[in-house]
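A.B. asks: Model the following, please.
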Amino acid sequence: MKIKLLKSDIQLENDRVLLIPFDNKRNEELKDIIFDKEIWKFMGMKVNNEQGLKNYIAKTIKDKNNRLCYPFLVIDKETNKVAGCTRFGNVHTANKKCEIGWTWYGTEFQGTGINKACKYELLKFGFETIGFKRIQFSADRENLRSQKAIENLGAKKEGVFRNNYVAPSGESRTDVYYSIIKEEWQAIETEHFSDFIVY
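C.D. replies: Residues are numbered from 1 along each chain as shown. Purely as a prediction, here's the structure:
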């Protein structure tokens, strides 16, 4: 598995989106979309002011430098605006698996097809270049929109993790987990991502 790739600058792209490393000066453009309380409803944190944004940027870069994750800025190629963020996280080298998540988009970019275009590039890179055998996703049990989006990727629902994280309110929250494994990827790519395949 070519896990060392996650230590280098990764840029992924198709006709719809461009994914660039989070530690880029364009992360300052997040201020245009990040202060929406609906974004943070199921994220386990809140960003509601300039200091919160600075803290979010600093922690994300710190986590990347500590190799806890590989975060991306998502650029909408139709407008050249920063649309949101996503990342590879919970990377386990020995078991060749990771989680794609911590994803959020500004309101104007939700429901535009950006998420599917973004996830395609991450899945393709994860399975075909890095060599992951399993890529998982999770969503809060009450976040039906995210669950539907994950299911639309072709991921299989595996189970419910009770009290899986603590919300800013102090309440324990429950997550639903999904996965795609290497053996399924080729069929899923053909069935769910045919619009993005370059022949």
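
A.B. asks: Averaged pLDDT, the longest helix anywhere in the chain. What do you get?
C.D. replies: Using DSSP state H, we find that the single longest helix of the chain is helix 50-65. For helix 50-65, mean pLDDT rounds to 95.

A.B. asks: ok, residues contacting the next helix or strand after that helix?
C.D. replies: Note on helix 50-65: by DSSP states H and E, the next helix or strand toward the C-terminus is strand 69-76. With Cβ atoms under 8 Å, 6 or more residues apart in numbering as the test, strand 69-76 has contacts from 6, 10, 12, 16-22, 24, 26-27, 30, 60, 63-64, 81-91, 102, 105, 109, 112, 114, 118, 122. From N, CA and C alone the C-beta is placed, and that goes for glycine too.

A.B. asks: Pull up the pairing partners for the helix or strand following strand 69-76, direction included.
C.D. replies: Later in the chain than strand 69-76, the nearest helix or strand by DSSP H and E is strand 81-92. According to DSSP bridges, strand 81-92 forms sheet pairs with strand 69-76 (antiparallel), strand 97-105 (antiparallel).

A.B. asks: where in this structure is pLDDT low?
C.D. replies: Scanning the chain with the threshold set as pLDDT under 70 gives 199.

A.B. asks: and with 80 instead?
C.D. replies: Regions of the chain meeting the criterion pLDDT under 80 cover residues 1-5, 168, 198-199.

A.B. asks: closest one to K37 among the strands paired with strand 81-92?
C.D. replies: The closest of these to K37 is strand 97-105. By Cβ to Cβ, the value is 11.9 Å.

A.B. asks: Now do that closest one and helix 50-65, the angle between them.
C.D. replies: Inter-element angle recorded for strand 97-105 and helix 50-65: 160 degrees (by axes from the mean of the first three to the mean of the last three Cα atoms, to 10 degrees).

A.B. asks: Can you tell me which helices and strands whichever helix or strand comes after strand 97-105 packs against?
C.D. replies: Counting by DSSP H and E, the element after strand 97-105 in chain order, helix or strand, is helix 114-124. Under the contact definition 3 or more Cβ pairs under 8 Å, 6 or more residues apart in numbering; DSSP states H and E, helix 114-124 sits against strand 12-13, strand 17-21, strand 69-76, strand 81-92, strand 97-105, helix 182-192.
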